[in-house]
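Asker: I would like to see how this sequence folds:
(chains A and B)
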Amino acid sequence: MAEVKSMFREVLPKQGQLSVEDITTMVLCKPKLLPLKSLTLEKLEKMQQAAQDTIRQQEMAEKEHHQVTH
Amino acid sequence: MGSEMEPLLLAWSYFRRRKFQLCADLCSQMLEKSPYDQEPDPDLPMIQAAWILKARALTEMVYVDEIDVGQEGIAEIMLDENAIAQVPRPGTSLKLPGTNQTGGPSPAVRPITQAGRPITGFLRPSTQSGRPGTMEQAIRTPRTAYTARPVTSTSGRFVRLGTASMLTSPDGPFINLSRLNLTKYAQKPKLAKALFEYIFHHENDVKTALDLAALSTEYSQYKDWWWKVQIGKCYYRLGMYREAEKQFKSALKQQEMVDTFLYLAKVYISLDQPVTALNLFKQGLDKFPGEVSLLCGIARIHEEMNNISSAAEYYKEVLKQDNTHVEAIACIGSNHFYSDQPEIALRFYRRLLQMGVYNCQLFNNLGLCCFYAQQYDMTLTSFERALALAENEEETADVWYNLGHVAVGIGDTNLAHQCFRLALVNNNNHAEAYNNLAVLEMRKGHVEQARALLQTASSLAPHMYEPHFNFATISDKIGDLQRSYIAAKKSEAAFPDHVDTQHLITQLKQHFAML
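Answerer: Numbers count the residues shown, from 1 in each chain, chains lettered A, B, ... in the order given. Sure thing, here's the model as predicted:
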C-alpha cells in the first residue's frame, strides 16, 4: 500500500481555476418505446394477412392442379 | 317440437352474435333455393331479406371505421396538388413539423421518425408516414422508427382488400355490380343504404357507390344528410377534397353529427390545413361538449404539429371524459417517459395492462419504464413476455434493441453486443442498432468496424443525427477532417440544436482556417 501511495499522489489545486477537458463522446441512439396499435390498424393488418394467405393457398392449389394435368 | 329453426331467424341471430361467416353461408343457401340469384324479387320479401342480410354480413366482415382509415400512398404524397401553399408559414402546416417546437423533448432524448416528428405513443392507420421531400426519399423504405412504415406498401392496400373479398367466394362475387340497376335500388331507401355500404366497404368500388349515393340523394330530394355524408366519403376516397368538403358542410347544416365533423376535419387535414381543422373541432365541441373523439382529434393535430405539451393537455382532457381511452393513456405515458419521468409513465402503462391490453408493445414499454424507474425485479420478466408475444420479426428486433439498452445500463457490454446483434438478425434495417453497435465496437477500439457500421446506419436512416455525429467524431479522431466535416454538417441538418455537433464544426473550421 505504501508503494501505491508513493506512485499516485492526488493533486488538488488550492487556488486558481480548475479546468476539465471536455472530450466528445459518441452518442447512443435512445431507447424506443413502441407505439400501441389502434384497433382499426390491427383489423386492417389481420385482413391483409388473411387475404395474402388466401392468395397463397389459391396459387398453391393452382400449381398442384397444373402438375396433375401435365 | 320442430328441430329446425326458421333459417332467416337463425341467420339474423348469427348476424347479431357477429358470426358473419355462418350468417352469410346460411343466407347463400336460402338464396340458392330461389330462382333469382341476382336480384331479389319484390314479391318475395323473405328472399329480399336474406339478400340484404347477406350483404350486411359480408360488409361487417371487412368493415373498418372510415374515419380512421386514411392511408396515403406514394402517388398521393408525391403528386399532391391540394395543399394551398407550397411554402407554408410556420405553424400552419403539417408538412413542416419542426417549425413549431414548443416545450417538446429534443431529439437528443426522444427518437424521431423519418418525417422529423418525435415518435408517438400510438399508431393509427393514418399516422402520417411523413411527407418525404424527394421521390428518392419516398421510395426508400424507412422502417426505422416504426411509425414510418414503408410508403410503397401502402399504395395498394385498398385495392388488395377489394380483391381479397372476391377471392374468398369461389363462385365469383355475390352481387355483380355491373348488372345492378342502381336507379331501381335508389328508390328503396332501406335497401339502398345496406347496398351502398356493401359496395363501398366490401367491393371497394367507390365509383359505383358514388353513383348509387347520387341517385339516392336525388330520390330523397336532397333531404337526407346520411347520403350527403356518404357522397362526401366517396369524394374523399377519390381524392376530390373540395367536393367532399361541400357535401360534409351541407350535411352538417341539416343535421349536426360527430361523425360528420370528424370526416370534415379529415378533409382539412388532407388539404394540409391543420388550423382550420382545429377550429372545426372546436365548433364541434361547442355542439357536443366533452366529446372524446373530437378532443382526441385536437390532440392528434397538436401532436403532428410537434406541439407536444398542448397535445398532452388535450389527451388529459380526453381521459377526464373517458378514463379507458387507450390512445390517450399511451400518448401521455410515452410523453412522461421521454420527459424523464419513467415512474409516472410506468403507472400509465400499468393502467393499460389492467385494462386488458396484452401485447408485445405494452410489455416492452413496461420493461423499459421499470428499468429506468429502478424497479429491476420486473424488467427482465417484462421483456421476456414481450419477446414471447412478438408477432413479427420487426417487433422482436425492437425488443432486443431495447434489451441492449438495459445491458448497456448495467454495464454488461458483452450482453449489449449480443442484444444489438440479435436486433439486427431479426431486422437487418435496424439503423439504431447499427449505431449503438458501432459505439460498442469503438469502445473496444475497432475503428474500421465502427466506421462501416455507422455508414450503414446513416444510409439507412439519414434523418437521425446520431450516426452522422458519431461518424464525424471518429473521422475527426483519425484525422479525416474532410469526411468529419461533411458528416457533422449532416448531423447539424438533422438536429440543429445539438451542442456537440456545433462544437465539432467550429473546431473543424478552425482547423481548416489554419491550413
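
Asker: Name the residue of chain A that lies nearest to chain B.
Answerer: Residue of chain A nearest chain B, by C-beta to the nearest C-beta: residue A:51 (3.2 Å). C-beta here means a position set from N, CA and C on the backbone, and glycine is covered the same way.

Asker: Now that residue: which helix or strand?
Answerer: Per DSSP states H and E: residue A:51 is located in helix A:39-69.

Asker: buried sites along that helix?
Answerer: A:40, A:41, A:43, A:44, A:47, A:51 (16 or more other C-beta atoms under 10 Å in any protein chain shown).

Asker: Reformat those residues as CSV; add pLDDT.
Answerer: Below are the buried residues of helix A:39-69 laid out as CSV (pLDDT from 0 to 100):
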residue, pLDDT
A:40, 80
A:41, 79
A:43, 82
A:44, 79
A:47, 81
A:51, 80
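
Asker: Which of these sits closest to residue B:306?
Answerer: Residue B:306 lies nearest to residue A:41 out of the buried residues of helix A:39-69, by C-beta to C-beta, at 22.1 Å.

Asker: Distance of the closest one relative to residue B:195?
Answerer: 28 Å (C-beta to C-beta, to the nearest Å).

Asker: cool, residue B:67 as well?
Answerer: 22 Å.

Asker: what about those two, which has more around it?
Answerer: Shown here are residue B:67 and residue B:195; by other C-beta atoms under 10 Å in any protein chain shown, residue B:195 has more neighbours (26 against 17).

Asker: From the chain's centroid, how far away is the host helix or strand of the more buried one?
Answerer: Mapping residue B:195 onto the secondary structure by DSSP H and E places it in helix B:189-197. Relative to the chain's own centre, helix B:189-197 is displaced by 30 Å; criterion: C-alpha atoms, centre = their mean, to the nearest Å.

Asker: For it, give me every contacting residue.
Answerer: Among residues not part of helix B:189-197, those counted as contacts by C-beta atoms under 8 Å, 6 or more residues apart in numbering or on different chains are B:48, B:52, B:55-56, B:59, B:63, B:175, B:185-186, B:209, B:212-213, B:216, B:219-220, B:224, B:226, B:230.

Asker: Burial check on residue B:300, number of neighbours?
Answerer: Other residues within reach of residue B:300 by the criterion other C-beta under 10 Å amount to 26.

Asker: quick one: it is in a strand?
Answerer: No. Assigned with DSSP: H, G, I helix; E, B strand; the rest coil, residue B:300 falls outside any strand and is helix.

Asker: In terms of pLDDT, where does it sit?
Answerer: Listed pLDDT for residue B:300 reads 90.

Asker: show me the contacts for it.
Answerer: The contact partners of residue B:300, by C-beta under 8 Å, 6+ apart, come to residue B:311.

Asker: I'd like the distance between it and residue B:327.
Answerer: Counting by C-beta to C-beta, the gap from residue B:300 to residue B:327 is 8 Å.

Asker: picking that back up, any of the contacts of helix B:189-197 buried? List them.
Answerer: Buried members of those, counted by 16+ other C-beta under 10 Å: B:48, B:52, B:55-56, B:59, B:175, B:185-186, B:209, B:212-213, B:216, B:219-220, B:224, B:226, B:230.

Asker: what residue ranges in the chain are flagged as low confidence?
Answerer: If you meant another chain, say so; for now it's chain A. A:1-6, A:18, A:22, A:70 (pLDDT under 70).

Asker: Correction: the question concerned chain B.
Answerer: Those would be B:1-3, B:34-44, B:70-90, B:95-105, B:113-118, B:125-173, if you go by pLDDT under 70 across chain B.
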